[in-house]
Each structure stands twice: as C-alpha cells, then as structure tokens.
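>>> I'll drop the sequence and a predicted model, then ask my questions.
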Amino acid sequence: QVQLVESGGGLVQAGGSLRLSCAASGRTFSVYVMGWFRQALGKEREFVAAINRNGGYTYYADSVKGRFTISKDNAKNTVYLQMNSLEPEDTAVYYCAADRTVRVGVSRHDYHYDYWGQGTQVTVSS
C-alpha cells in the first residue's frame, strides 16, 4: 500500500506557473504508474497526465499537452506536475494517484488507479 500527499497548489494569475509535488510513502514507489487528475467545481474528475514506472513514458490530456509536464523521481518517491501557461480553465483540485496493475502503457481512467492523495487546490485568476 502507498500513501500519497500532494503539495504546491495555490493562486496564480493566468499565464503563470506552478509545480505540484506528490510524495509517496513506502519503499515500492517505483512499481507504480503515477497519474494526475483534476476536478473543477461542479464537474467530473478528469485525467491530466500519467507517467510509467521508470519515467520513460508520459501521456497527457489534449487540454494540457505542451503546457504541463509530468516527471517522476523514484529515489525521492515523488512525482511532479510542472504547469506552465496556466489558464482560468485549469482551476481545480488536483489529485495524484497510483496504479499498481501491470498493463500496457499508462491509463487515463481513474478507475484503474488504486491509491489517491487528498488533493491540492489550484486557482488561476484571469
């Protein structure tokens, strides 16, 4: 089992940047595919980005491609989400999640992820 704690959220103006971090407990962090999801007020949770076990493969939602970068440091048990050129539409609670199942590639479906953090609020003002 793994416990996830997100940090780095906050209030930023449109066009600005934030870096979210997700620290994981446990010594088996490297076996998990890690994902970031977000949920805006009144909307369903949506996929943002995912990274495979060794960090060599990443996958992004079209809405963030070219602006967000996911990365993973297995030595530090941490996954990051660098968010640039932020837009008001990016305002949401951001969650990191861990998928323990071995599958081809990475999943964009939240039901494939077994462990979730508590979330961190990102607010982008116009």
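Arrived safely. Numbers count the residues shown, from 1 in each chain.
>>> How about the contacts made by Ala50?
When contacts are counted by CB atoms under 8 Å, 6 or more residues apart in numbering, Ala50 touches 33-36, 58-59, 70, 99, 106-108. All C-beta atoms are positioned from the backbone trio N, CA, C, and that covers glycine.
>>> Which helix or which strand is home to the residue nearest in space to the middle of the chain?
In the chain, the centroid-proximal residue (CA atoms, centre = their mean) is Trp36; its distance is 2.2 Å. Secondary structure from DSSP states H and E places Trp36 in strand 33-39.
>>> chain center to that strand, what's the gap?
Distance of strand 33-39 from the chain centroid (CA atoms, centre = their mean, to the nearest Å) equals 4 Å.
>>> And for stretch 14-24?
9 Å.
>>> Equivalent analysis for stretch 116-126, please.
Remark: stretch 116-126 is offset 11 Å from the chain centroid, using CA atoms, centre = their mean.
>>> residues contacting the residue nearest to Val31 when sequence neighbours are not counted?
Nearest residue to Val31, sequence neighbours excluded (CB to CB, 6 or more residues apart in numbering): Arg53, at 6.3 Å. Going by CB under 8 Å, 6+ apart, Arg53 touches 30-33.
>>> ranking those residues by neighbours, who comes first?
Tyr32 (26 neighbours; other CB atoms under 10 Å).
>>> I appreciate the help and will end here.
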